[in-house]
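Student: Quick one: sequence plus predicted model below, questions after.
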Amino acid sequence: MRYCTRCLYPENHPLNIVFNEDGVCSGCVVHEEKDTLDWNERLTKLKNILKNYKNTSKNNYDCIIPVSGARDSFFIVHTVKNVLGMNPLLVTYNKHYNTDVGVRNLAKLRMEFDCDIMTLTVNPESVKKITRASIRKMGSIYWHCLAGQTVYPVQVAVKFKIPLIIWGAHQGVDQVGMFSHLDEVEMTRKYRKEHDLMGVEAEDFIGEFDGITEQDIVQYKYPDDKEIERIGVRGIYLNNFIRWDTKAQHEEMIKLYNYESHEQTRTFDSYNDVDCYNYSDVHDYIKFLKHGYGKVTDHASREIRLRRMTREQGLEMIKKYALKKPENLEKFLEWIGISLNSFNYLIDQHRNKKIWSRNENWEWVLNEDYLLNENNIVNRLSQVEEFSDFINTDVYNSTDSKNEYILIGKGYI
């Protein structure tokens, strides 16, 4: 397996990473723009874009912001409303795997910023049927989350005639350098299907085998192109106009709004995805089986590029977290209603056979050292800031503090 000579990404990254003649990946090359672009100029350009969407008659919202109880939601809403002066409608898809931390953060988000919020909660039985089908088809327990998070804001934009959707960071830009920041890439149905949804649209699940009907997938269907064109819906990404640094952004939000962090199972990042039992747990473990790397590689590579972590430190993080078993698998199996043996059988169909093989005891083993070969690494970045641990905030008790998925929570402390 070939790895970037600067960060820790392998050549089989699902977003199709490429390497230059020095062995440096496209993600690292585009990341260099963060230190060369004039971000004041980029911010001015963003302000000029937003001027065209300001609702001067005050009879509608200026824009839509997709949010959750984690990620960069606080920073995005803070920036769009308090810094840029827009009046946003917050929109969130209920992923069903909710933690009490995420429920509290989401409640705090809507109260701190005094914003209206719309939430989509799909019938749990439909979600479970779709998830069983997505495990079988793609080895994914997270398809419904990705589909809901990327389609519901567009549905709301069309329904309420709000043409502007503001997203945070474009994964293709920030992780693998699929585009330059200067391309100012926007949300598209094509990117959503090919990358977010792994090539599978909601309609592809309909069939007798999984018992999925048109009614089950209606909430995941992307609006028709003519509807989108009629309203003029577009989705822009803040990381094309603001220098993106999720660690620094979260720490600012902890100070300003008491954002709640939480320790994660399979990575050192305690800021992102704390709203979900599975994202950095069962979902990430499946990612490791399919690709040979997980979220800890994403997070370590990000910190290396930001020059807060050396490559050696990143490698130690991978050694610490990559082989950790998920802690919440039993919870997931109980929720979806399948046995561990059935789950393992289904996931093994999607296990990458170039990375994994059976040993003499019929146990799965890695074909090569996933901890990387350290020879001939000549393109290391110099560390400009000492790496500091992620902040673990106070742990709160609330009416939602239960060790189980929370479908609907109040968020009261």
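Tutor: In hand now; what should we look at? Everything quoted here is computed from the prediction, not taken from an experiment. Numbers count the residues shown, from 1 in each chain.
Student: Just name whatever secondary elements the helix or strand containing residue 127 is in contact with.
Tutor: Here residue 127 sits within helix 124-138, counting by DSSP states H and E. Packing partners of helix 124-138 (3 or more Cβ pairs under 8 Å, 6 or more residues apart in numbering; DSSP states H and E): helix 143-159, helix 214-217, helix 329-336, helix 340-348. Backbone N, C-alpha and C define where each C-beta goes, glycine included.
Student: how about those helices in JSON lines, adding distance to residue 411?
Tutor: Supplementary listing: the helices and strands packed on helix 124-138 in JSON lines, determined by distance: least, Cβ to Cβ, whole Å:
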{"stretch": "helix 143-159", "distance to residue 411": "19"}
{"stretch": "helix 214-217", "distance to residue 411": "29"}
{"stretch": "helix 329-336", "distance to residue 411": "21"}
{"stretch": "helix 340-348", "distance to residue 411": "31"}
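Student: Now mean pLDDT and distance to residue 277 too, for those, in CSV please.
Tutor: Shown next, in CSV, are the helices and strands packed on helix 124-138 (pLDDT from 0 to 100; distance: least, Cβ to Cβ, whole Å):
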stretch, mean pLDDT, distance to residue 277
helix 143-159, 98, 12
helix 214-217, 96, 23
helix 329-336, 98, 6
helix 340-348, 97, 15
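Student: Tell me which of these lies nearest to residue 279.
Tutor: Smallest distance to residue 279 across these (Cβ to Cβ): 8.0 Å, for helix 143-159.
Student: in that closest one, what counts as buried?
Tutor: For helix 143-159, a neighbour-count test (16 or more other Cβ atoms under 10 Å) marks 143-158 as buried.
Student: longest strand anywhere in the protein?
Tutor: Taking DSSP state E as the criterion, the chain has its longest strand at strand 88-93.
Student: what's next to that one, contact-wise?
Tutor: For strand 88-93, the external contacting residues (Cβ atoms under 8 Å, 6 or more residues apart in numbering) are 61-68, 77, 80-81, 106, 109-110, 115-120, 145, 148-149, 152-153, 156, 160, 162, 166.
Student: one step back: report the angle between the helix holding residue 127 and helix 340-348.
Tutor: Between the axis of helix 124-138 and that of helix 340-348 there is an angle of 50 degrees, by axes from the mean of the first three to the mean of the last three Cα atoms, to 10 degrees.
Student: Strands along the stretch 201-350 of the chain, start to end?
Tutor: For the stretch 201-350 of the chain, the strands defined by DSSP state E, counting those that start in this stretch occupy 234-237.
Student: As a check, name the ranges of all helices in it.
Tutor: In the stretch 201-350 of the chain, the helices defined using DSSP state H, counting those that start in this stretch lie at 214-217, 225-231, 246-257, 282-291, 295-305, 311-321, 329-336, 340-348.
Student: if we can go back for a sec, identify, from the buried residues of helix 143-159, the entry nearest to residue 360.
Tutor: Distances from residue 360 to these, taken by Cβ to Cβ, are shortest for residue 143, at 35.3 Å.
Student: and residue 43, which of the helices and strands packed on helix 124-138 is closest to it?
Tutor: Closest to residue 43 of these is helix 143-159 (Cβ to Cβ; 23.1 Å).
Student: so what does the next helix or strand after that closest one touch, helix or strand wise?
Tutor: The C-terminal neighbour of helix 143-159 among helices and strands, as given by DSSP H and E, is strand 164-167. When contacts are defined as 3+ Cβ pairs under 8 Å, 6+ apart, strand 164-167 sits against strand 63-66, helix 143-159, strand 234-237.
Student: ok now the longest one, how far from the chain's centre?
Tutor: This points to helix 143-159. Distance, stretch centre to chain centre, for helix 143-159: 14 Å (Cα atoms, centre = their mean, to the nearest Å).
Student: that older thread, what distance separates the longest strand of the chain from the centre of its chain?
Tutor: What separates the centre of strand 88-93 from the centre of its chain is 16 Å, taken as Cα atoms, centre = their mean.
Student: what's the angle between the helix or strand just after it and strand 88-93?
Tutor: Sequence-wise, the next helix or strand downstream of strand 88-93 (DSSP H and E) is helix 100-112. Angle, helix 100-112 to strand 88-93, by the same axes, to 10 degrees: 160 degrees.
Student: Compute the number of surrounding residues for the closest residue to residue 216 other than its chain neighbours.
Tutor: Leaving out its chain neighbours, the residue that sits closest to residue 216 by Cβ to Cβ, 6 or more residues apart in numbering is residue 126, at 4.2 Å. Residues near residue 126, counting by other Cβ atoms under 10 Å, number 18.
Student: do residue 190 as well
Tutor: Residue 190 has 7 neighbouring residues, counting by other Cβ under 10 Å.
Student: List the residues that contact it.
Tutor: Counting by Cβ under 8 Å, 6+ apart, residue 190 touches no other residue.
Student: What strand or helix carries it?
Tutor: Using DSSP H and E, residue 190 falls in helix 189-191.
Student: Return the mean pLDDT over that helix, rounded to an integer.
Tutor: On average, the pLDDT along helix 189-191 is 95.
Student: before we move on, what about stretch 388-404?
Tutor: 89.
Student: Buried ones in that stretch, by neighbour count?
Tutor: Neighbour count says stretch 388-404 has 390, 393, 398, 400, 401 buried, by 16+ other Cβ under 10 Å.
Student: which of those residues sit farthest apart?
Tutor: 390 and 400 (23.2 Å).
Student: what about the residue lying closest to residue 352 once chain neighbours are set aside, neighbour count?
Tutor: Sequence neighbours aside, residue 290 is the residue nearest to residue 352 in space, at 5.6 Å (criterion: Cβ to Cβ, 6+ apart). Using other Cβ under 10 Å, residue 290 has 20 other residues around it.
Student: What helix or strand is the residue lying farthest from the centre of the chain located in?
Tutor: Largest separation from the mean C-alpha position in the chain: residue 360, at 37.7 Å (Cα atoms, centre = their mean). According to DSSP H and E, residue 360 maps onto no helix or strand at all.
Student: In this protein, where is pLDDT below threshold?
Tutor: Low-confidence segments of the chain (pLDDT under 70): 368-379, 413.
Student: Distance check, the nearest residue to residue 14 once chain neighbours are set aside against residue 193.
Tutor: Taking Cβ to Cβ, 6+ apart as the measure, residue 14 lies nearest to residue 291, with 6.4 Å between them; neighbours along the chain are not counted. Using Cβ to Cβ, to the nearest Å, residue 291 is found at 20 Å from residue 193.
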